[in-house]
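S.K.: prediction below, plus the sequence it came from.
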Amino acid sequence: MSVMADVDDDENEDDDEVTLLGIEAESWGSASLYLLVATVLIVGWKPTFRWLRVHGAERFDQEPREFKRKLGVFNRRFMRTHNWLGMSAVVIGTLHGIVLEWHWTLWVGLASLWLLVISGSLMQWKWPPKSFRRGGRLLHMQRTFTVVAIIMLLIGHQILD
């Protein structure tokens, strides 16, 4: 008899799941996690890109000028994807946090990610003065905010679990 009561309690807990636009809040968090992981792949791409610009043409036995052109096209597409994935991860993560009650550590991690998104956007836009964009670039290129964000998100999720 007690086994059935436990099963009924588990079913009731599942029924009480918070949703946003008909999607469970936990699913929003999972989507944000996957997008964030895909965004952070740039940490591995940038050194690879630099190495390929120097050594790629000879390693793949191609004409250097054409190889660098194709590599540049791929890099521009990769960066555009990086921008969209990062923005999507932070927006979806923010929605996930608004729907659920979060610990302060999660908001610190999310604020770090928003700082990265805003500073990265400044690098793309042409309207701020060059000195302002330069500051945005320095801020965006620091790995500290990424590390702080990931650590705070991990700690916060462990606290809530």
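M.R.: Perfect, I can see it now. Numbering: from 1, shown residues only.
S.K.: packing partners for the helix of greatest length in the chain?
M.R.: Of all segments of type helix in the chain, defined using DSSP state H, the longest is helix 64-99. Secondary-structure packing of helix 64-99 (3 or more C-beta pairs under 8 Å, 6 or more residues apart in numbering; DSSP states H and E): strand 19-20, helix 25-40, helix 42-59, helix 104-124. Bear in mind the C-beta positions are built from the backbone N, C-alpha and C, glycine included.
S.K.: what is the subsequent helix or strand relative to the last one?
M.R.: So the one you mean is helix 104-124. Going down the chain from helix 104-124, the next helix or strand is helix 130-141, by DSSP states H and E.
S.K.: pull out the buried residues from that following helix.
M.R.: Residues of helix 130-141 classed as buried by neighbour count (16 or more other C-beta atoms under 10 Å): 133, 136, 139-140.
S.K.: repeat for stretch 105-114
M.R.: Neighbour counts using 16+ other C-beta under 10 Å place 105-106, 108-110, 112-114 of stretch 105-114 among the buried residues.
S.K.: for those, give me TSV that also has distance to residue 149 and pLDDT.
M.R.: Compiled in TSV, the buried residues of stretch 105-114 are given as follows (distance: C-beta to C-beta, whole Å; pLDDT from 0 to 100):
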residue	distance to residue 149	pLDDT
105	11	87
106	10	89
108	8	91
109	5	90
110	7	91
112	4	91
113	5	91
114	9	93
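S.K.: hmm, residue 108 is touching residue 152, no?
M.R.: Yes. With contact defined as C-beta atoms under 8 Å, residue 108 reaches residue 152; the gap is 4.8 Å.
S.K.: find the residue at the geometric middle of this protein.
M.R.: With distances taken as C-alpha atoms, centre = their mean, residue 36 lies nearest the centre of the chain, 2.5 Å away.
S.K.: I figured that residue hits residue 88, correct?
M.R.: No. Counting by C-beta under 8 Å, residue 36 stays clear of residue 88, with 9.4 Å between them.
S.K.: out of the helices and strands in this protein, which is least certain?
M.R.: helix 2-15 (a mean of 45; mean pLDDT, DSSP states H and E).
S.K.: and the longest helix of the chain, what's buried?
M.R.: Result for helix 64-99 [16+ other C-beta under 10 Å]: buried residues 67-68, 71, 79, 82-83, 85-90, 92-97, 99.
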